[in-house]
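Engineer: No sequence on hand, only this structure:
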């Protein structure tokens, strides 16, 4: 009886947590299903992957960042040479890894990896996290053997709906059971209605301004606020000290979002794809404030959760201290409405997307190796 050949998978994606988190969740599910899997992650030298991927225990290789200019510029003139160099770097990584599959989640490094994989005859599996796909994945979908999406509405051809891959600490979270411990860890009172505010790892200036303006009114309103401002975005009082007050707590960053979700009765946040999907899985009511610029993807990300009744959507321009006092803070204390929103949110959650993606990757490798035996592939 022959011994199964180890599976070799090259992952492409990076830059932001929105790309890296699902990538790592897929890698973890894949290595759980096939412990013999060899994983290489390809990113850039400047993205969050330089910290997060090694911490997760995976090998990181880097290639040049190739931005895709959307209008005539010097960068557009330089694009062909930059792209060819990045493709050449990607080919080298694929060859060295003797890759069976390339798995891409979008971002600057994905397009060169998709093209390199096509050149080498390696199957491509794509996961698109946003309701409106990015340029790299729109390109990759044309050559991929499998395209998976986190939102049913994502307009990619022949896409398979799997949901958003996420860490098991989130998919297995019992908010009610963990609430007391989570609030203790975050320095919050155990029995006070709690609003948690986050603009993501880099913060959101408009959200920060609106929340800081009501910091002095939390106690009188009968609520407490945990304000996650973003690194380097701390709110300061007139004397230069960190803004603080009864019921108002600020921190620049929290590493474990499952702790945040367990502590919160209500979350105020941007409508990033990962955030929206995680809120559904854990059943946490939310107020979502889509980015006011870009391609409008955050509004689309939020649409299904809002339509189901699990979240409120507030335009960035409409979010103000007055709106928070009139609508946001009363909602935090409305336990019946929060319970209804929680049930509605949970009805939208998919908690096994990581395993679904791992199965698709294994299937792609098996189909490829069935047509081209591993020992007949071009050696590295």
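Structural biologist: Yep, it's here. Predicted model only: the values in this text are computed from it and were never measured.
Engineer: quick one: low-confidence parts of the stretch 1-150 of the chain?
Structural biologist: The stretch 1-150 of the chain contains residues with pLDDT under 70 at 1-4, 68-78.
Engineer: whoops, the stretch 201-350 of the chain was the one
Structural biologist: Short version for the stretch 201-350 of the chain, where the test is pLDDT under 70: 201-203.
Engineer: Do a quick rundown of the helices in it.
Structural biologist: 205-212, 218-221, 257-263, 273-282, 297-308, 321-323, 329-332, 335-346 (DSSP state H, counting those that start in this stretch).
Engineer: Which among those helices is found nearest to residue 81?
Structural biologist: Closest to residue 81 of the helices of the stretch 201-350 of the chain is helix 297-308 (Cβ to Cβ; 29.6 Å). The C-beta positions use only the backbone N, C-alpha and C, and glycine is treated the same way.
Engineer: buried residues in that closest one?
Structural biologist: By neighbour count with 16 or more other Cβ atoms under 10 Å, helix 297-308 contains the buried residues 297, 298, 299, 300, 301, 302, 303, 304, 305, 306, 308.
Engineer: gap between the closest residue to residue 279 other than its chain neighbours and residue 227?
Structural biologist: Excluding its sequence neighbours, the residue lying closest to residue 279 (Cβ to Cβ, 6 or more residues apart in numbering) is residue 286, at 5.1 Å. Remark: distance between residue 286 and residue 227 (Cβ to Cβ, to the nearest Å) = 15 Å.
Engineer: go on, residue 261?
Structural biologist: Distance from residue 261 to residue 227, by Cβ to Cβ: 16 Å.
Engineer: Same check on residue 298?
Structural biologist: Counting by Cβ to Cβ - residue 298 and residue 227 are separated by 20 Å.
Engineer: again, but for residue 267
Structural biologist: 12 Å.
Engineer: Tell me the residues that contact both of these two, please.
Structural biologist: Residues touching both residue 267 and residue 227 (Cβ atoms under 8 Å, 6 or more residues apart in numbering) are residue 197.
Engineer: any idea how far stretch 338-350 is from the chain center?
Structural biologist: Taking Cα atoms, centre = their mean, to the nearest Å, one finds the center of stretch 338-350 at 20 Å from the center of the full chain.
Engineer: What of stretch 228-248?
Structural biologist: Worked out by Cα atoms, centre = their mean, stretch 228-248 lies 26 Å from the chain centre.
Engineer: again with stretch 39-52
Structural biologist: A distance of 15 Å separates the C-alpha centroid of stretch 39-52 from that of its chain, computed with Cα atoms, centre = their mean.
Engineer: contact partners of it?
Structural biologist: Against stretch 39-52 from outside (Cβ under 8 Å, 6+ apart): 8-17, 20, 23-24, 27, 30-31, 53, 58-65, 90, 93, 97, 99, 107-109, 113, 201.
Engineer: same thing with stretch 19-33?
Structural biologist: 7, 9, 11, 13-14, 37, 39, 41, 43, 47-49, 52-53, 56, 58, 103, 105-107, 127, 129, 150, 164-168, 274, 353-355, 357-359, 361-362.
Engineer: if we go to 7 Å?
Structural biologist: For stretch 19-33, the external contacting residues (Cβ atoms under 7 Å, 6 or more residues apart in numbering) are 9, 11, 13-14, 37, 39, 41, 48-49, 52, 56, 58, 103, 105-107, 127, 129, 164-167, 274, 354-355, 357-358, 361-362.
Engineer: picking up where we left off before, turn the buried residues of helix 297-308 into CSV, columns for distance to residue 343.
Structural biologist: Listed next are these as CSV, based on distance: Cβ to Cβ, whole Å:
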residue, distance to residue 343
297, 27
298, 24
299, 24
300, 23
301, 21
302, 18
303, 19
304, 15
305, 13
306, 15
308, 10
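Engineer: Can you tell me the SS state at residue 40?
Structural biologist: strand (DSSP: H, G, I helix; E, B strand; the rest coil).
Engineer: Count the neighbours of it for me.
Structural biologist: 21 (other Cβ atoms under 10 Å).
Engineer: do the same with the one 3 residues further on
Structural biologist: Neighbour count of residue 43, defined by other Cβ under 10 Å: 27.
Engineer: Neighbours of the closest residue to it other than its chain neighbours, how many?
Structural biologist: Nearest residue to residue 43 in three dimensions, chain neighbours excluded: residue 14, at 3.1 Å (Cβ to Cβ, 6+ apart). Per other Cβ under 10 Å, the neighbour tally for residue 14 reads 31.
Engineer: Quick one: the strands in the chain, in order.
Structural biologist: 8-12, 38-43, 59-62, 101-104, 124-128, 146-149, 160-161, 194-198, 224-228, 248-251, 266-269, 286-288, 311-313 (DSSP state E).
Engineer: Could you check the angle the first one makes with strand 38-43?
Structural biologist: The one in question is strand 8-12. 20 degrees (axes from the mean of the first three to the mean of the last three Cα atoms, to 10 degrees).
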